[in-house]
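Trainee: What follows is a predicted protein model with its sequence.
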Amino acid sequence: MQLGLIGLGKMGGNMRERIRRAGHTVIGYDRNPEISDVASLQELVEKLEGPRVVWVMVPAGAATQSTVDELGDLLSEGDIVVDGG
């Protein structure tokens, strides 16, 4: 399985590592470039094979809404967004 994970803080970062240890591919994005696997949401989407699954682990509210809005412009029909905020 291949998964895009947005938000690599305490919860998201630990999720990325656990999912990888289970043998899955996780491409993570975070605003902090020191922990991010890619430089932008666009790059994250480009690295995922379709149909894409993207899990959003950012704080609920405006941060989640702006992330989902940006993903709406980048993803294709049939892609899945999971809101973990």
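Mentor: That came in fine, so what should we check first?
Trainee: From here on, just use CA atoms for contacts and neighbour counts.
Mentor: Noted.
Trainee: ok so residue 27 is a strand residue?
Mentor: Yes. Residue 27: assigned to a strand according to DSSP: H, G, I helix; E, B strand; the rest coil.
Trainee: quick one: the strands in this protein?
Mentor: Per DSSP state E, the chain carries strands over the ranges 2-6, 25-29, 53-56, 80-83.
Trainee: Could you list the alpha-carbon positions for the first one in PDB?
Mentor: Spelled out, it's strand 2-6. Listed in PDB are the C-alpha atoms of strand 2-6, where the atom choice follows Å, rounded to 0.1, in the frame of the first residue of the first chain:
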ATOM      1  CA  GLN A   2       1.100   3.600  -0.700                       C
ATOM      2  CA  LEU A   3       0.000   6.500   1.400                       C
ATOM      3  CA  GLY A   4       0.500  10.200   1.500                       C
ATOM      4  CA  LEU A   5       0.600  11.600   5.100                       C
ATOM      5  CA  ILE A   6       0.300  15.300   5.700                       C
END
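Trainee: Relative to that strand, what are the paired strands and their orientations?
Mentor: strand 25-29 (parallel), strand 53-56 (parallel) (DSSP bridges).
Trainee: possible to save the strands of the chain as TSV with mean neighbour count, distance to residue 36 and mean pLDDT?
Mentor: TSV is the format used below for the strands of the chain (neighbours: other Cα atoms under 10 Å; distance: least, Cα to Cα, whole Å; pLDDT from 0 to 100):
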stretch	mean neighbour count	distance to residue 36	mean pLDDT
strand 2-6	23	9	97
strand 25-29	21	5	98
strand 53-56	22	14	98
strand 80-83	15	19	96
